[in-house]
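# structure for this input, please:
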Amino acid sequence: MNPATPGLRTKKGVCTTSSTLSEIHWTLVKKKIKIVKLNTDEESAIALKYGITSIPTMNVFVNGEVVKTIVGAKPKPAILKELESFIA
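Presented below is the predicted three-dimensional model:
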């Protein structure tokens, strides 16, 4: 996984959030935004590097830097609102 791309950091088994993100995936793909998952159990060094302590956590990267962090399960409209400035 390339942490320089926008992405989702989530733990295996978070089905509700994963399905919500699957629903918005195509909206984001049209805007050339990538969503990637990270199993924090298997990739604990990356989770530590980005300070991920709660699941689910979504980090938005621009030019390799975290510019927004969204923590907690949220419905599709709330996630899209949080990402509004990136998909406008």
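# now the helices for the protein?
Assigned by DSSP state H, the helices in the chain fall at 15-30, 44-49, 76-82, 84-87.
# weakest of those by average pLDDT?
Lowest mean pLDDT within the helices of the chain: helix 15-30, at a mean of 60.
# I87 contacts I33, correct?
Yes - assessed by CB atoms under 8 Å, I87 is found in contact with I33 at 6.5 Å. Placement of C-beta: from N, CA and C, glycine included.
# between those two, tell me which one has more neighbours.
Counted by other CB atoms under 10 Å, I87 and I33 do not tie: I33 has more neighbours, with 18 against 13.
# any idea how far P77 is from that one?
Distance of I33 to P77, computed by CB to CB, to the nearest Å: 17 Å.
# same thing with G51?
Taken as CB to CB, the span from G51 to P77 is 27 Å.
# and for L48?
As judged by CB to CB, L48 and P77 stand 31 Å apart.
# ditto for L38
24 Å.
# neighbour-wise, which of those two wins?
Under the criterion of other CB under 10 Å, the comparison of L38 against P77 puts L38 first, with 22 against 10.
# phi, psi for that one please.
phi -130, psi 130 (degrees, to the nearest 10).
# tell me the pLDDT at it?
The model reports L38 with a pLDDT of 86.
# what of I33?
I33 is given a pLDDT of 74.
# correct me, but it touches E84?
No - counting by CB under 8 Å, I33 sits too far from E84 to count as a contact (12.0 Å).
# can you tell me how far L80 sits from I87?
From L80 to I87 the distance is 7 Å (CB to CB).
# hmm, I was thinking of T57
From T57 to I87 the distance is 19 Å (CB to CB).
# what do you get for A45?
Counting by CB to CB - A45 and I87 are separated by 30 Å.
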